[in-house]
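Trainee: Turn this into a model:
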Amino acid sequence: MGTTIHPTAIVNPSAKLADGVSVGPYSVIDAHVEIGANTTIGAHNIITGHTVIGEENRIFHFASIGEANQDKKYKGEPTRLIIGDRNTIREYVSINRGTIQDTGVTTVGDDNWIMAYVHIAHDCVVGNRTTIANSTQLAGHVHIGDWATLGGFTGVHQFVRIGAHVMTGVASVVLQDIPTYIMVGGNPLAPYGVNSEGLKRRGFTPEGIAALKRAYKTLYKAGLSFADAKAALRAEAAGSEEVAALADFLETSTRGIVR
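Mentor: Sure, this is the predicted structure:
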């Protein structure tokens, strides 16, 4: 179907645009950018740096993709941004490339819904099928698990990990890790149970959800220390893949968890 570039757009001859890419008015695409098939770039976007964008993405208008990170230690190293397939990136989103103090790569997976004014800072790793609502801000080195839903105006501190299937309420301030499957909200942040409705929609069994609810009570309601709760959950994990995933997350947390 061919590549379509609006006459007012500026595309560096060294950029690699696959078949079916559409570039809208006044957008700028720099030399080291690669864009996969059937991706649509709207108006007034800047796509720069060593940036790779996959197939069938929709980038709306006024986004800044692949710009230099906002780290004072950055000295112009050729770090990267990699974005997967079928993502929706709305107006005024900014996604920065990585730093050499981490892996050097900011990564966004597949099928994500990234709403207006979201900022994804250097070295973040965003999984698949997440929903990141308007004006959410991710500081550097944040990891977001698959299917996570971040409510509007959520602010996430650097190096925080947010587990798969987590949901945050509007205007949440996240300073510590959020375990897999948990709902949280507020400032200071507090846990509000298992994300049961989301898990039902994604095909989790009633037995699996019930096991997670028991695990939540062990972690948050039983009065156990964090070390004792982790040990108890490891025992509970023997009969549940879902609880095993929760226990694995807790074992790898370095910032402590919302509790």
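Trainee: going forward, measure contacts between C-alpha atoms and count neighbours the same way
Mentor: Fine.
Trainee: shaky segments in this protein?
Mentor: Low-confidence segments of the chain (pLDDT under 70): none present.
Trainee: What ranges does it have for its helices?
Mentor: Ranges of helices in the chain, per DSSP state H, are 196-201, 206-220, 226-236, 241-252.
Trainee: buried stuff in the longest one?
Mentor: Spelled out, that is helix 206-220. Buried residues in helix 206-220, counted by 16 or more other CA atoms under 10 Å: Gly208, Ile209, Ala211, Leu212, Lys213, Ala215, Tyr216, Thr218, Leu219, Tyr220.
Trainee: OK, contacts around Gly186?
Mentor: Going by CA atoms under 8 Å, 6 or more residues apart in numbering, Gly186 touches Gly169, Val170, Ala171, Ser172, Val173.
Trainee: Compute the number of surrounding residues for the third one.
Mentor: Spelled out, that is Ala171. 18 (other CA atoms under 10 Å).
Trainee: All further residue positions should be reported with the first residue as 38.
Mentor: Renumbered: residue one is now 38, and that last one reads Ala208.
Trainee: my guess is it meets Gly192, correct?
Mentor: Yes - at 7.1 Å, Ala208 counts as touching Gly192 under the criterion of CA atoms under 8 Å.
Trainee: any chance of the buried residues of helix 243-257 in CSV, with distance to Ile72 too?
Mentor: Conversion of the buried residues of helix 243-257 to CSV gives the following (distance: CA to CA, whole Å):
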residue, distance to Ile72
Gly245, 40
Ile246, 40
Ala248, 43
Leu249, 40
Lys250, 43
Ala252, 43
Tyr253, 43
Thr255, 47
Leu256, 44
Tyr257, 45
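Trainee: quick one: the residue nearest to Thr217 when sequence neighbours are not counted from Gly245, how far?
Mentor: Closest residue in space to Thr217, ignoring its immediate chain neighbours: Gly200 at 4.0 Å, by CA to CA, 6 or more residues apart in numbering. From Gly200 across to Gly245, the span is 17 Å (CA to CA, to the nearest Å).
Trainee: Strands of the stretch 138-287 of the chain, start to end?
Mentor: 142-145, 150-151, 156-157, 162-163, 168-169, 174-175, 180-181, 186-187, 192-193, 198-199, 204-205, 210-211, 219-222, 227-231 (DSSP state E, counting those that start in this stretch).
Trainee: So which elements touch the fifth one?
Mentor: Yep, that's strand 168-169 we're talking about. Other helices and strands packing on strand 168-169, by 3 or more CA pairs under 8 Å, 6 or more residues apart in numbering; DSSP states H and E, are strand 150-151, strand 186-187.
Trainee: try 6 Å
Mentor: strand 186-187 (3 or more CA pairs under 6 Å, 6 or more residues apart in numbering; DSSP states H and E).
Trainee: now the strand it packs on, how far from the centre of its chain.
Mentor: 9 Å (CA atoms, centre = their mean, to the nearest Å).
Trainee: For burial, what's the neighbour tally of Pro62?
Mentor: What Pro62 shows, counting by other CA under 10 Å, is a neighbour count of 17.
Trainee: how about it, what does it touch?
Mentor: His43, Thr45, Ala46, Ala80 (CA atoms under 6 Å, 6 or more residues apart in numbering).
Trainee: Dump those residues into a markdown table; add neighbour count and distance to Leu283 as well.
Mentor: Listed next are the contacts of Pro62 as a markdown table, based on neighbours: other CA atoms under 10 Å; distance: CA to CA, whole Å:
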| residue | neighbour count | distance to Leu283 |
| --- | --- | --- |
| His43 | 15 | 48 |
| Thr45 | 14 | 50 |
| Ala46 | 17 | 47 |
| Ala80 | 21 | 42 |
